[in-house]
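Q: After the sequence you'll find the predicted model.
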Amino acid sequence: MKYRKPIISTDVDGPKEVLRNEVDGLMVAHEPREGLDERIAQAVVRLIEEPELTNKMVENSFVRVKEKFSYKALEKRMEYIVGKVD
């Protein structure tokens with residue numbers, strides 16, 4: 001996301017919390033395990049065949065990582081949390 005590269009991930013818990021399918025990158029079904037390599041290959045082909053979508057997702061993910069996961073964003077969230085505790 002930070003490096004402006006297209007993202008393909010499986011739909012397991014960690015990435016599902018960060019990546020929005022077809023907004024920031026492509027998610028492929030992790031289960032069933034059979035055919036996972038084919039689903040990933042299809043996603044790669046889609047990135048190649050749909051450059052406009054790919055570029056849009058790359059830019060969306062770059063903006064998202066800056067807004068949600070930068071040190072500045074984390075600092076703001078911590079200040080908010082600490083303010084709630086005081």
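A: Thanks, I have the structure now. Numbers count the residues shown, from 1 in each chain.

Q: Now for this protein, the helix or strand with the poorest mean pLDDT.
A: helix 71-85 (a mean of 86; mean pLDDT, DSSP states H and E).

Q: In the chain, what residue spans correspond to strands?
A: Along the chain, counting by DSSP state E, strands occupy 8-10, 26-28.

Q: winner for burial among those?
A: Neighbour counts (mean count of other CB atoms under 10 Å) averaged over each of these peak at strand 26-28, with a mean of 20. In short, each C-beta sits where N, CA and C put it, glycine included.

Q: Relative to the whole chain's centre, how far out is that one?
A: 9 Å (CA atoms, centre = their mean, to the nearest Å).

Q: Which strands or helices does it pack on?
A: Judged by 3 or more CB pairs under 8 Å, 6 or more residues apart in numbering; DSSP states H and E, the packing partners of strand 26-28 are strand 8-10, helix 36-49.
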